[in-house]
Structures are given as structure tokens and as C-alpha cells.
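K.L.:
Model the structure of this input:
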Amino acid sequence: MLPKNAILDGTLRYKGEQLTRSRQKRLRGKEISLIPQSVNALDPLMKSGKQVQAVIKEKRKKAVQQDIFQKVGLSPEAGERYPFELSGGMARRVLVTTAMVSGAELVIADEPTPGLDQKAVHETIDYLKQLAIGGKGIMFITHDIDTALQVADEIVVFYAGQTVEIANVEDFSGKGDKLRHPYTKALWNALPQNEFKPLSGSQPFLGEVMNGCVFQKRCPVAMELCTYKQPDLQEASGGAVRCFDA
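P.N.:
Residues are numbered from 1 along each chain as shown. Predicted coordinates for the structure are as follows:
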């Protein structure tokens with residue numbers, strides 16, 4: 001997806017082994033499945049039911065597809081429609097079912113719930129939970145903390161492209177006293193059911209060079225050290241945090 005002049009750095013590992021380009025191609029769509037954020041990922045020239053059937057390994061492809069459609073609230077008629085004939089919420093459910101029936105060991109769900117009604121959200125979350133209980137790995141990417149807390153064991157919080165905290169689900173309670181990074185606490189307390197308190201300022205612009213901590217300009221506990229030195233991610237209380245004050 002990146003242009004040819006993009007500079008990539010770092011190492012991806014899957015099950016302890018480096019995820020090279022050739023290994024990615026071998027596993028993608030088979031052992032590793034993606035629920036993409038955009039419904040444009042669906043093939044516009046193929047009926048939705050056929051797209052789901054294409055990844056089913058069992059012989060009863062149509063029966064399996066219709067069964068999974070029923071579970072996520074899609075009618076049999078939806079399987080005979082092209083993506084442009086579906087609503088945004090229906091198309092998103094098709095994307096979700098494609099990953100559900102793939103048999104993948106790791107499902108990367110990139111914002112799978114926007115556009116779904118509350119009932120469909122709960123059904124999608126329940127099915128992802130069942131996959132996890134069955135031993136599948138789920139990487140759930142979302143801006144919706146409440147939804148994440150329903151499906152996750154651990155929450156990884158990012159700010160300006162950095163991991164600032166890895167916290168257990170149990171840490172998100174009360175006023176966030178168990179949370180260690182000030183940004184994670186601010187996210188939690190900004191929710192309507194909590195303090196509904198906004199955080200002043202904004203994230204750094206893309207490409208902006210920061211000498212110190214990327215959060216220090218908005219941080220209520222920033223110290224002089226934060227202005228010129230970037231904290232490392234350190235293990236803390238069953239998780240990890242990137243903060244001098246934690």
C-alpha cells in the first residue's frame with residue numbers, strides 16, 4: 001500500500017519467527033486474516049455471498065456462508081447482492097464474516113464495528129470472543145474504548161505513533177487510578193460516563209520532530225526531563241508504560 005520510495009524500518013514477528021515478505025504472502029488470507037476498515041475492500045464485481053464462500057475451506061460453502069450471514073443479521077438475499085447494493089453496515093458485516101469463516105489463526109480487526117447498530121456490534125464482538133476462546137489470536141484496532149474492553153485481555157494505547165501504555169482490562173475502572181500513563185488516564189476520563197473532561201491541545205503534526213516525550217506539551221505532570229529526553233517503554237504492574245512519572 002506504500003509508495004516505492006517509502007522507508008520501512010523494524011521487524012515483525014509471528015509465532016516467534018520473522019514475518020518476511022515471502023512469509024507474509026504465504027500466510028495472508030489463510031493463517032492471518034484482516035477485517036479491513038474500508039468497505040471498499042470488497043470486490044465490486046462479485047456478489048457478497050460468493051466473496052465469503054471463496055475463503056471457506058469446507059465443501060458446504062454456500063450453507064456455511066448462509067449460516068454465518070444469519071448469525072450477523074444478514075438475509076439470504078444479501079448474499080445475492082453486489083457490494084454497491086448493500087448499505088454501509090451490511091457491507092461491513094460481509095467483511096467481518098469473511099474473516100470469521102477463514103479459519104485464520106490471527107484475525108486483525110481494523111475498526112470492524114463503525115456503521116453497525118448496537119445489536120450487530122454485540123453480535124460481532126461475541127463472535128470475535130468465541131474465536132479467541134477457541135484459541136485464535138485477535139488484534140482489535142479501534143478508537144472505541146468501551147467496545148475494546150468487551151473483547152480484549154490487554155489494551156495497547158498509542159499516541160503520535162508510539163506505544164505509551166499496555167494495560168490490563170481491569171485497570172480501566174473508577175477514575176483510572178490504576179492506569180499509569182497520563183494520556184491513557186485522559187482518554188478514560190474523557191468518556192461521557194466518566195468525567196467527560198476533554199484534554200487540551202492536539203497531537204504533533206505528521207513529521208514534526210520531537211526532542212523529548214511526544215506527549216509532554218499536553219501532559220499535566222511533565223517535568224524538565226520530558227522536554228529533551230524520550231522515555232523508554234518499561235514493564236510495570238503486569239503491563240508497560242512510557243513515562244518518567246509513572
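
K.L.:
In terms of helices and strands, where is the closest residue to Val101 other than its chain neighbours?
P.N.:
Excluding the flanking residues, the one nearest Val101 by CB to CB, 6 or more residues apart in numbering is Ile56, at 5.1 Å. Bear in mind the C-beta positions are built from the backbone N, C-alpha and C, glycine included. Counting by DSSP states H and E, Ile56 is held by no secondary-structure element, helix or strand.

K.L.:
any idea how far Ile56 is from Ala63?
P.N.:
Going from Ile56 to Ala63 by CB to CB, to the nearest Å gives 9 Å.

K.L.:
neighbour-wise, which of the two wins?
P.N.:
Between Ile56 and Ala63, Ile56 has the larger neighbour count (other CB atoms under 10 Å), namely 19 against 12.

K.L.:
give the contact list for that one.
P.N.:
By CB atoms under 8 Å, 6 or more residues apart in numbering, Ile56 lies in contact with Val64, Gln65, Val101.

K.L.:
now swap in Ala152 and tell me
P.N.:
By CB under 8 Å, 6+ apart, the neighbours of Ala152 are Phe140, Val169.

K.L.:
hmm, try it at 6 Å
P.N.:
Val169 (CB atoms under 6 Å, 6 or more residues apart in numbering).

K.L.:
does the most centrally placed residue in the chain have beta-bridge partners, and which?
P.N.:
Closest residue to the average C-alpha location of the chain: Ile141 at 1.0 Å, with CA atoms, centre = their mean. Beta-bridge pairing for Ile141 (DSSP bridges): Asp110.

K.L.:
Now do it against Val107, distance only.
P.N.:
Distance from Ile141 to Val107, by CB to CB: 11 Å.

K.L.:
what do the two both touch?
P.N.:
Joint contacts of Ile141 and Val107 (CB under 6 Å, 6+ apart) do not exist.

K.L.:
a strand runs through Ile108, doesn't it?
P.N.:
Yes: Ile108 forms part of a strand when assessed by DSSP: H, G, I helix; E, B strand; the rest coil.

K.L.:
and Ile166, what is it in contact with?
P.N.:
When contacts are counted by CB under 6 Å, 6+ apart, Ile166 touches Glu154, Val156, Gly239, Ala240.

K.L.:
Return the members of those residues classed as buried.
P.N.:
Gly239, Ala240 (16 or more other CB atoms under 10 Å).

K.L.:
Rebuild the contacts of Ile166 as JSON lines, extending it with secondary structure and distance to Lys178.
P.N.:
Putting those into JSON lines (DSSP: H, G, I helix; E, B strand; the rest coil; distance: CB to CB, whole Å) gives the following:
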{"residue": "Glu154", "secondary structure": "strand", "distance to Lys178": "14"}
{"residue": "Val156", "secondary structure": "strand", "distance to Lys178": "16"}
{"residue": "Gly239", "secondary structure": "strand", "distance to Lys178": "10"}
{"residue": "Ala240", "secondary structure": "strand", "distance to Lys178": "14"}
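
K.L.:
tell me the domain ranges of this protein?
P.N.:
Domain segmentation of the chain under automatic domain parsing yields 13-151, 155-241.

K.L.:
Strands of the protein, start to end?
P.N.:
13-14, 17-18, 32-35, 106-110, 137-141, 154-159, 162-168, 234-236, 239-241 (DSSP state E).

K.L.:
any chance you could map the helices in this protein?
P.N.:
Under the criterion DSSP state H, helices of the chain are mapped to 21-27, 48-53, 61-71, 88-100, 118-133, 145-151, 182-189, 224-228.

K.L.:
for the second one, packing partners?
P.N.:
Helices and strands touching helix 48-53, by 3 or more CB pairs under 6 Å, 6 or more residues apart in numbering; DSSP states H and E, are helix 61-71, helix 88-100.
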